[in-house]
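Asker: A predicted structure for the sequence below; I have some questions about it.
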Amino acid sequence: MSSSNKRYEGKVTIVTGGSKGIGQGCVEVFAEAGSNVVFCARNEADGKALEDRVNALGNGRALFVKCDVSKEDELKRLVEITIDTFGRIDCLINNAGWHPPHLPISEFSVDDARKLMDLNFFSAFILCKLCLPHLRKTQGNIINMSSLVGIQGQRCATTYCATKGALTSFSKALAIEEAANKVRVNIVSPGNVWTPLWREALPEDEKGLKEGYALGEKQQVMNRFGTIEESGKLCLFIAADATFTTGVDHILSGGAELGYGVKI
Ligand SMILES: NC(=O)c1ccc[n+]([C@@H]2O[C@H](COP(=O)([O-])OP(=O)(O)OC[C@H]3O[C@@H](n4cnc5c(N)ncnc54)[C@H](O)[C@@H]3O)[C@@H](O)[C@H]2O)c1
């Protein structure tokens, strides 16, 4: 039984988009569990600050790598640095992504849709390809951060839903292929987790923010947002403990998809 706090000790985890939000939760929870964590984002200052905070705790080591996941050469560099530094990869968390403002399809250009597909889907596709040779050696696992709306749909979010639907389906297909290599591939589909992405989507003024936040809370039967720590904990459970799951869409939603309409 490995139920200790250090249950991912000696492992190496890559987290994309790890400087903020759900990715930050993953970096912190995996490092606390003893894993070395290589994480990337585009903003160097945010990344370095989190790297310092995590390393000051003296658990698993955090290493920030500046990388735009839309760029294949930068993803290659991310994997090379990970292998040069730690020599192995046990878990890949494809988390980086973006939800554009809500608009009808007439307001999205084809170029908007393609660019979002590059960011939310192809980054994960490429990184899976780059990491699989290493994951097969460790019999490791992949966690792809999708979204509840990838299967449910969402008003004025055709491009976003398409990217997440693609990621969920891709993950299931890859899970079938990689089972023979003992690499598990799972999906986490968050509903509403309070992150900078959510904050940016709400009005800037205090009243608008309060109203938007309250409406966001009401979408869950649990009547609150999820936290980045809860997100990291679900990913750690999948990576470290849930060793008989593959191709599973793990819903992280406080029951948002249950029932119809406003919950409370
Ligand atoms: N927060 C939610 O309620 C929610 C719900 C469903 C799905 N998700 C998904 O979870 C993931 C994380 O969302 P979040 O809310 O934490 O977002 P966030 O905006 O708060 O954080 C996103 C992270 O990704 C990084 N990032 C963005 N573009 C990047 C790029 N091109 N290259 C490298 N890094 C990049 C950012 O720097 C940041 O670290 C996303 O894929 C999002 O679609 C979030």
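Answerer: Structure received.
Asker: residues touching stretch 160-180, excluding its own?
Answerer: 94, 97, 99-100, 113, 116-117, 119-121, 124-125, 128, 132, 136, 142, 144, 146-147, 149-151, 153-154, 184-187, 189, 246-247, 249 (C-beta atoms under 8 Å, 6 or more residues apart in numbering). For the C-beta atoms, the positions are set from N, CA and C on the backbone; glycine is no exception.
Asker: now do the strands in the stretch 51-200 of the chain.
Answerer: 62-66, 91-94, 141-145, 184-190 (DSSP state E, counting those that start in this stretch).
Asker: show me how far the third one is from its chain's centre.
Answerer: Put plainly, it is strand 141-145. 8 Å (C-alpha atoms, centre = their mean, to the nearest Å).
Asker: what's the angle between that strand and strand 184-190?
Answerer: 20 degrees (axes from the mean of the first three to the mean of the last three C-alpha atoms, to 10 degrees).
Asker: restricting to C-alpha, output strand 141-145 in CSV.
Answerer: Output of strand 141-145 as CSV, limited to C-alpha atoms (Å, rounded to 0.1, in the frame of the first residue of the first chain):
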residue,chain,number,x,y,z
ASN,A,141,0.5,7.7,-17.8
ILE,A,142,-1.0,10.6,-19.6
ILE,A,143,-3.7,12.9,-18.3
ASN,A,144,-5.4,15.2,-20.8
MET,A,145,-7.2,18.2,-19.3
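Asker: hmm, who's touching that strand?
Answerer: 22-23, 90-95, 97, 124, 128, 131, 135, 167-168, 170-171, 174, 178, 183-188, 190, 235, 238-239, 246.
Asker: please redo it, this time with the cut-off set to 6 Å
Answerer: 91-95, 124, 128, 167, 171, 184-188, 235, 238-239 (C-beta atoms under 6 Å, 6 or more residues apart in numbering).
Asker: also the shortest one?
Answerer: The contact list for strand 91-94 (C-beta under 6 Å, 6+ apart) reads 13-16, 26, 124, 127, 131, 140-144, 235, 239.
Asker: one more: the longest one?
Answerer: Taking C-beta under 6 Å, 6+ apart as the criterion, the residues outside strand 184-190 that touch it are 141-148, 168, 171, 174-175, 178, 238, 245-246, 248-252.
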